[in-house]
Each structure stands twice: as structure tokens, then as C-alpha cells.
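Peer 1: how would this look folded up:
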Amino acid sequence: MAEAKIKTVQGGMVNENIKMTGKTVLITGANTGMGLATAIDMGKRGARVIMTSRNMDRGNEAKDTAVKESGSENIIVKQLDLSSMESIRVFADDINKTESKLDVLINNAGVMMCPQSKTKDGFEMQFGVNHLGHFLLTNLLLDLIKKSAPSRIVTVSSAAHYKYLGAAIHWDDLNLEKNYTPTTAYAQSKLMNVLFSRELSKRLEGTGVTSNSLEPGAVKTDLQRHVGTHENPTFMDRIMGWANSLTRRWWRTPEQGAQTQIYCAVAPELEGVTGKFFANCKQTGESNDAKRDDFAKRLWDISEEYTGLKQKSEEQQKTESPNGGEVPKADDCEVAQKET
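Peer 2: Numbers count the residues shown, from 1 in each chain. Now for the predicted structure:
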């Protein structure tokens, strides 16, 4: 008699019998909320778990919680500040030197609707952390991830990337210095997450590495601590604040909210599936802007420049060029930084 096939999702939760034994999973922003819930889940599945945290006191407390609740000792935590490119480079260099493989990277960390501020490198905080930080980190770990194929990159976006919530890429003012609002900045960064994942999937074709993005739904975490607290809020900021206070009692727990990113990381049926967007543990449609390949490529080129990866890429191409000549530059794009 044929063995019954394991159903991946049951009652909105990913089947605990799908194991990750022998695999290494890295989760950004794993000291709280969905990141911590994901770390506990992966520990239970037998994975080696690498948690990251900006604050190591909180990170170590979270690691102790993950070890206790998962029953796994194969969990570590490392310091990573996604608002600092220096921190990202130090972290990636450490991972590349100390880890022999990286089967799953979950880009979970983020900030949401914070007061106007800048990263250590001078970028608007949500643009810098939610997009540029993960863009740089992923690229710096890409060789290790490719070496570990079949492997997966999972990027957490949000329903805020949809146009009806005002999401748009402000090409002539990516740092929103002319007209900053917390909602506009957050929505832009979440649209960038989906565009990044889409372009990454195209660049990874044939490597055995997949790239998918998702939205977790409304989840009760401390991510929303800034919502509705701003001075001189815009109409949309007020709407978000009211919605936050009125509906929060019905939101998902961190464990429930983490299920879609867990699904993208472990589901057997997603082997080879790439460039897609998920919600509620199912593939779903992203926004029309998130499907724009020209947007995705333009954002990639700009991000390479802002993170310093473009110069490195061109220097490598020049070294590899048969005649040692100048490498043609990509078309110039006129640009006219915990959990999501």
C-alpha cells in the first residue's frame, strides 16, 4: 500500500512532520515576534538555526527562549544591525568564514512607520533597513547559498505593498526627503521587497536557488509600536492608527503570522518554485507595480550603487574580461535604511 503523502498545511499551520534535519537556516530579526517564532519552529524541525539581533542582550534572551521551547541546542545568535552596512559586511564575512552551508535565508527583520530618521549610512530608515540592508546581506551571502543548492531565499514583505495602500517607488526621492510620511516610507520599502525578490529570482535562474516573497497578514508584535503615535499625522497615518487600535484584538499571534514564511522555507511542493508571492501559505497575486520587471531591474541597479556592490561587480567583470578592457555600464537610472 502506497505511503500517504504528508499534507503540508493543516488548520493554517505548517505540518510539524516536515523536517529540516541537516539544513542551516538564517533568520534576520529573530529576537522577537515572527522571527523568534520561526527560529523555534526551525529548531523543532531539526535545523541548525542562526538567529540575528541588533541588540545582543535581547538576542541572547531570545536564543535561550528558542532553545528551551524547541528542545534544540543547535541554535546560535549573532549580532547584525541592518541599519549599518559596516555591520552587515562584518556579519556576512563571519558567516562565510564559519558556516559550510546556508540552505535557507529568511529576510524577516524590519522597521515600520517609524519617525523620520536615517541609517548610519544616511538613508531613510525604512528604505535602508527593510530594503537596502537585506539587499546587501543577501548578495554578500549568495555564493554560500548557491554552494548549498537546492536552497531558498525568503523575503517578508507586507500587504502594504499594494497600490490601494498608497505604495509607490518615489524614483526622484527614494529617501523621501521632500515629503516624508511614515506610511509612505513603509509602503515603498515593502514594495521594494517584492521587486527585489522578483529580480533576484531571475538572476538566480539555473543555480538551484529560489527566491520568493510573502505577506504574513496582521500580526501582534512590537513592530507596530510607532503606528498612530506620530506628531502631525497624515490622513493615511490616522487611518492606520485607528485600524491598529480597533482590530488588533483579532490579529494573528507571532506563531500564526510566521506560518507563511515557514511554508516558503520548508514546503516540499515549492522545490524549484521561484519569483512568486505568497499569503496564507498559498501563492497569491502581488500588486501590478510589483510585477514590473523594468521597476525591478531599475531598483536593483540603484541598490547596487547605493550599497557599493556595483563597483565591485564591475571590477570583477573587468578582471574576467579577455582583453582587460572597460566593462560596459548598465543604463544609467536617474534617481531624477525587525519584522514585517
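Peer 1: ok, what's across the strand from the spatially most central residue of the chain?
Peer 2: Nearest to the geometric centre of the chain sits Asn107, at 2.8 Å (C-alpha atoms, centre = their mean). Note on Asn107: beta-bridge partners by DSSP bridges are Thr155.
Peer 1: Just list the residues touching it, thanks.
Peer 2: With contacts defined as C-beta atoms under 8 Å, 6 or more residues apart in numbering, Asn107 is in contact with Thr28, His134, Leu137, Thr138, Ile153, Val154, Thr155, Val156, Asn193. No exception for glycine: its C-beta is placed from N, CA and C like everyone else's.
Peer 1: Could you list the low-confidence segments of the chain?
Peer 2: Counting by pLDDT under 70, the chain shows low-confidence ranges at 1-5, 164, 218-252, 312-340.
Peer 1: Let me know the secondary structure of Lys78.
Peer 2: strand (DSSP: H, G, I helix; E, B strand; the rest coil).
Peer 1: if I look at it, how far off is Ala62?
Peer 2: According to C-beta to C-beta, to the nearest Å, Lys78 and Ala62 sit 12 Å apart.
Peer 1: Which residue of these two possesses the greater neighbour count?
Peer 2: Ala62 (23 against 18; other C-beta atoms under 10 Å).
Peer 1: would that one count as being in a helix?
Peer 2: Yes - with three-state DSSP as the criterion, Ala62 is part of a helix.
Peer 1: Report the spatially closest residue to it, excluding sequence-adjacent ones.
Peer 2: Using C-beta to C-beta, 6 or more residues apart in numbering and skipping the chain neighbours, the partner closest in space to Ala62 is Asn31 (4.0 Å).
Peer 1: Quickly find the element holding that neighbour.
Peer 2: Element membership for Asn31 (DSSP states H and E) is empty, with no helix or strand holding it.
Peer 1: That one: neighbouring residues, count only.
Peer 2: The burial count for Asn31: 28, using other C-beta under 10 Å.
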